[in-house]
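just the structure for this:
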Amino acid sequence: MKRGPWLGVATIVAAALLPYYLLGDRPDTIGKASLLPPIESPPGEHSQSRHEWIERLHRHAPGQNWRQMDADFRRQAQDQRNEEINLLRLAKAKPEAYLRVRSAALAGEWMERGSTNQAGRTLATEFDIENNRLNVLTQGGNLWRADRTTLNWESASDGAMFKAPFLARLTDEERLILFSREPEGIFFSDDGGTIWSSANGLNSDQPYSIEGLAVRDPTGNDVYALRNEFDPVSLVFGVKLYASANRGSTFVDLGFVGSQGQTALFSPRHDSSAMYLLDGLTLKMIEPGTHSLVTISTIDVAAQVQPGHYVSLGGGVNNGVTFLYAFVDRRTVPPQTDVYQSLDGGQTWVTRLPAPSHMFTRSSAETSTRDPMQLFVGGLNAYRSHDGGASWTYINFHASYYDNPAINLHADIPNFDIFVDQNDIERIYISTDGGVYESVDGGLTVQNLSLDGIRNSEYYGSYTQRSPPYRIMVGSQDQGYQKAHTPTTGLNAFLQPSAGDWAYLTSADGGETLWAVYPGVVMFDFDTQTTGDSALRRWSFNTGGIQAYQFFQPLQVDPRSPNRAVIAAGEAGPSANRLITLTYNGSYIAYQVGDFNFGGGISAVQFSRDGETQYVIANLGRFFRDAGDGFQQTVTTLPWGAFFSGNCILTHPTDPETIYVSGSGYAGPAVYRSIDNGDSFSAFATGLPNTLVYNLAISADGGHLFAATNLGPYYYDQTAGRWIEISAALTPDQTYWHVDYIDALHTARFATGGRGLWDFVIDTDALFSSGFE
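Numbering: from 1, shown residues only. Predicted coordinates for the structure are as follows:
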C-alpha cells in the first residue's frame with residue numbers, strides 16, 4: 001500500500017559543449033563533444049529551475065492561486081465530459097464519435113500520433129492479480145491499463161487528468177482511488193478509470209500538499225489519507241490524517257496533526273491488515289473500527305528529523321512476523337537515505353547502512369513484501385540491498401538505459417510497488433522517467449514493460465517537415481529530442497538521437513534543419529533526415545556567459561538564414577538581458593552578443609515573416625521592435641502587463657501589421673492582438689478561460705488560428721469573434737504545450753504534457769481561407 005513533493009562587438013567561437021554525468025547522483029563536468037553522450041540530470045538539479053520557470057509563465061495577481069483556478073475549470077470540464085461520454089454510450093456510438101468535433105465554425109477529427117515507444121514518467125502501479133492486469137498512473141495524469149501478458153496498453157482516463165502521485169485499488173468490486181493535487185481531492189472510479197467521482201469530507205479550502213494514501217485491506221473498506229493544510233486560525237501548516245470506512249467515498253478528519261514530509265502511511269501488501277503511521281520517528285498503529293492511534297515505539301537509534309527532512313515507511317510479513325523499515329532522507333551532501341530496521345513489528349530498531357541516494361519521491365523507498373533482507377531506494381539510480389541494508393548496489397547505472405532500454409532502467413525513480421501473484425512470484429514494479437519496469441528476481445534484472453503502447457510521452461513542442469515525408473521532430477521532458485522519419489497517418493514510433501529535455505523547436509527551411517534548446521545548451525540539427533546524432537551540434541550557455549537563465553530560454557530561427565538563430569540571454573553576467581545570435585558555420589556554432597539591454601528578463605522573441613523585423617517581449621509586458629534601426633520600446637506595458645508573461649509572439653502570414661501575443665491570462669486576457677505592427681495592442685481573448693496560453697499557430701492564409709493552453713486546445717471562430725474549445729469527448733484532458741499547423745495536411749498538431757502528439761485534422765469540406773478582421 002503506497003504512501004508518500006542578436007549583433008555584437010565580438011564574435012567568439014564555441015565548441016559543442018554538453019553536460020553529462022559519470023558518477024552516482026552527482027554531476028561531473030562539461031565535456032567537449034560533437035557526438036554526444038546521454039544527457040541526464042541528478043534529482044533536483046533542474047527541478048528548482050523548472051519550477052521557477054513554470055511560476056514565471058503562470059504570472060498572476062497577488063492573492064490569486066493559478067493552480068486552483070485551473071483546477072476549478074478542469075473539474076467543471078470533466079463533469080461535462082462525463083455527461084458527453086454517458087450520452088455517447090447510451091447512443092451506442094462508434095469509437096470515432098468520441099473523437100469528432102463539429103461546430104458552426106469548424107469540423108474535424110482528433111487523431112493520436114504517438115509516440116508509441118518513448119514512454120514518459122510513471123508514478124505508481126497497482127497489479128490486479130486475479131485478472132493479471134496492470135494499472136499504471138502516469139505523470140501526465142492518466143491511468144493506463146494492460147493485460148500483463150499481452151501488454152495491450154490502453155488509456156482508461158483520457159477524459160480526466162489528475163496530477164496525482166498516489167494510486168490505490170480495492171478488490172471484489174474493483175474501485176480505483178487517486179489522491180490528486182490538481183484538481184484537488186480524492187477521486188474514485190468503479191468502471192476501470194473512465195469516469196471518476198469526487199470523495200467527500202476533505203473540506204479544507206487551503207490544502208498545501210498531499211502526503212500519502214493507503215488502504216488497510218484491498219478486500220475491505222478502510223482507506224487513509226494524509227494532507228498538509230494551512231490552518232487560518234493558528235496560521236500554521238499541519239499534516240492531517242483522514243479516514244474512510246466506505247471505500248473512499250467519504251472521509252473524516254481524525255484530529256491528528258503532523259509535520260510536512262515527516263509523516264507516512266503503510267500497510268503490508270499481504271498477510272496483514274495492520275495500518276501504520278510514522279510520525280517523525282514515532283511509529284503508531286491505526287486501530288480498525290475506531291481509527292484511534294496507538295503508539296508502538298520510537299526509533300531511538302535515529303537522529304531527530306528536522307524541517308526539510310523526509311520520511312517513508314515500508315515492510316512486509318515473514319512467517320507471520322511483521323518487519324518494518326523506516327527511511328529518512330535528510331537531504332545531505334553527498335546524498336544518502338538513512339535506513340532503520342525492525343524485525344519485530346516495530347518494537348525495536350537498529351540502524352542499517354544508508355542508501356547512497358536521495359529518495360526521488362516519498363514513494364521511492366520500499367521493501368519486499370515477505371523477505372526482510374530485500375529493500376530498494378530510488379533517486380537518479382535505483383539501488384537494491386539483499387542483506388537487510390548491510391550493503392547497497394545499483395540495479396543499473398542510469399546511462400546504460402541507452403545501451404539497452406529493454407533491460408536497463410531509465411533515470412529517476414519515483415516509486416516501487418511490489419505484489420505476489422497467484423503463482424507465488426513476487427513482482428516488483430519500478431516507476432521511472434522512461435516508463436514502468438518489472439523485476440521477478442528481487443531487482444537483479446528488470447524488464448521494460450513500456451517499450452510499446454504506453455503512450456504517455458511528455459512533449460514540450462514539435463515541428464513537422466513541410467513537405468513529404470512530413471518528418472516529425474519533437475522535444476520531450478527527459479526522453480530527449482525525437483524523430484519520426486516516415487510517419488504514418490496513425491500511431492508512430494520515434495527515434496531518440498539525443499537525450500534530455502528539449503523545447504523551442506524552430507526551423508526556417510521547412511524542417512530540413514532545426515534548432516532547439518535544453519537547459520544550458522542550444523542544439524542545431526543540420527540534417528534532420530539523419531537518424532543518429534552525427535548531424536547534431538551543440539553550443540553551451542557557459543561559452544556565451546549566459547547566467548541566471550530560465551529552464552528554457554526563448555529561441556527563434558532567422559527566417560532569412562536557416563543556420564542562424566537568436567536566443568535570449570539570462571538576467572546576469574556579461575550578456576544579461578540581451579539577445580545572442582548563434583550561427584552554424586559548417587563546423588561549429590559561433591555566437592555574437594547583442595548591444596541592446598532590454599532591462600529585464602526576455603520571455604519571447606520573434607521575427608517578421610521576411611526576417612527584416614524583430615520583436616521581443618521583456619518582463620512586465622514590455623514590447624520591443626527592431627525594424628533595422630535598433631530596438632525601440634513600442635509599448636511601455638501591455639494591458640495587465642504587470643501580471644502578464646508574454647511567452648509567444650505570432651506574426652500574421654499575409655498581413656505584416658498584425659501580431660498576436662499570448663501568455664498568462666489569470667489576471668487579464670491571455671491573448672492580445674496588434675494591427676499596427678506592435679505600436680498598440682488590444683485584448684483578443686473572448687471565449688478563453690483565465691489560464692495560460694503557451695503557444696499560437698496560424699495557417700498560411702491566415703484563415704485558421706489555434707491556441708495551445710493549460711486547459712486544452714482552442715480555435716478562433718472569426719465569425720463569432722471568439723475562441724472556442726475544440727476538445728472531443730475523449731480528447732486527452734492534458735496540458736497542451738504547443739501547436740504547429742501543417743497546411744498541406746490541414747492539421748493542427750498539438751504537443752501535450754503527458755499524452756504525446758495529437759492531431760486535429762480539419763474536414764476538407766469545412767476549409768475556408770479568409771483572414772481575421
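
so residue 500 touches residue 477, yeah?
No: in this structure, residue 500 is not within contact of residue 477 by Cβ atoms under 8 Å, at 9.3 Å. Every C-beta, even on glycine, is put in place using the N, C-alpha and C of the backbone.

state the next helix or strand along the chain beyond the longest helix seen in the chain.
The longest helix of the chain (DSSP state H) is helix 66-90. With elements assigned by DSSP states H and E, the helix or strand that comes after helix 66-90 is strand 100-102.

what is that following strand packed up against?
strand 107-114 (3 or more Cβ pairs under 8 Å, 6 or more residues apart in numbering; DSSP states H and E).

so what touches whatever helix or strand comes next after the strand it packs on?
With elements assigned by DSSP H and E, the helix or strand that comes after strand 107-114 is strand 122-128. Strand 122-128 is contacted from outside by 2, 133-139, 148, 164-169, 171, 174, 176, 363, 414-415, 417, 419, 421, 427, 429, 431-432, 435-436, 450, 454, 456, using Cβ atoms under 8 Å, 6 or more residues apart in numbering.

for strand 122-128, the averaged confidence score.
Mean pLDDT, strand 122-128: 98.

partner strands of it and their direction?
Under the criterion DSSP bridges, strand 122-128 sits next to strand 133-138 (antiparallel) in its sheet.

which element follows the strand it pairs with toward the C-terminus?
In the C-terminal direction, the helix or strand that comes right after strand 133-138 (DSSP H and E) is strand 143-147.

and that following strand, which strands flank it?
strand 133-138 (antiparallel), strand 154-155 (antiparallel).

tell me the mean pLDDT over it?
Strand 143-147 shows a mean pLDDT of 97.

that one: which residues count as buried?
By neighbour count on 16 or more other Cβ atoms under 10 Å, the buried set for strand 143-147 is 143-146.

do stretch 735-750 as well
735-742, 746-750.

please convert these to JSON lines, extending it with secondary structure.
Listed next are the buried residues of stretch 735-750 as JSON lines, based on DSSP: H, G, I helix; E, B strand; the rest coil:
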{"residue": "735", "secondary structure": "coil"}
{"residue": "736", "secondary structure": "strand"}
{"residue": "737", "secondary structure": "strand"}
{"residue": "738", "secondary structure": "strand"}
{"residue": "739", "secondary structure": "strand"}
{"residue": "740", "secondary structure": "strand"}
{"residue": "741", "secondary structure": "strand"}
{"residue": "742", "secondary structure": "strand"}
{"residue": "746", "secondary structure": "coil"}
{"residue": "747", "secondary structure": "strand"}
{"residue": "748", "secondary structure": "strand"}
{"residue": "749", "secondary structure": "strand"}
{"residue": "750", "secondary structure": "strand"}
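
would you mind giving the residues you listed as JSON lines with pLDDT and distance to residue 235 added?
Formatted as JSON lines, the buried residues of stretch 735-750 follow (pLDDT from 0 to 100; distance: Cβ to Cβ, whole Å):
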{"residue": "735", "pLDDT": "97", "distance to residue 235": "33"}
{"residue": "736", "pLDDT": "98", "distance to residue 235": "38"}
{"residue": "737", "pLDDT": "98", "distance to residue 235": "37"}
{"residue": "738", "pLDDT": "99", "distance to residue 235": "41"}
{"residue": "739", "pLDDT": "99", "distance to residue 235": "43"}
{"residue": "740", "pLDDT": "99", "distance to residue 235": "48"}
{"residue": "741", "pLDDT": "99", "distance to residue 235": "50"}
{"residue": "742", "pLDDT": "99", "distance to residue 235": "54"}
{"residue": "746", "pLDDT": "98", "distance to residue 235": "56"}
{"residue": "747", "pLDDT": "98", "distance to residue 235": "53"}
{"residue": "748", "pLDDT": "99", "distance to residue 235": "48"}
{"residue": "749", "pLDDT": "99", "distance to residue 235": "48"}
{"residue": "750", "pLDDT": "99", "distance to residue 235": "43"}
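
what's the most distant pair in these?
735 and 746 (24.7 Å; Cβ to Cβ).

more crowded one of residue 500 and residue 477?
residue 500 (27 against 22; other Cβ atoms under 10 Å).

following the chain onward from the helix or strand of the chain with the lowest mean pLDDT, which element is next?
Here the helix or strand of the chain ranked lowest by mean pLDDT, DSSP states H and E is strand 29-32, holding a mean of 23. For strand 29-32, the following helix or strand on the C-terminal side (DSSP H and E) is helix 47-57.

for that next one, give me every contacting residue.
By Cβ under 8 Å, 6+ apart, helix 47-57 touches 519, 550-552, 601, 603, 645, 647, 663-664, 692, 694.

state the mean pLDDT of it.
Averaged over helix 47-57, pLDDT sits at 89.

can you give me the helices in the stretch 501-650 of the chain?
Using DSSP state H, counting those that start in this stretch, the helices assigned to the stretch 501-650 of the chain run over residues 541-544.
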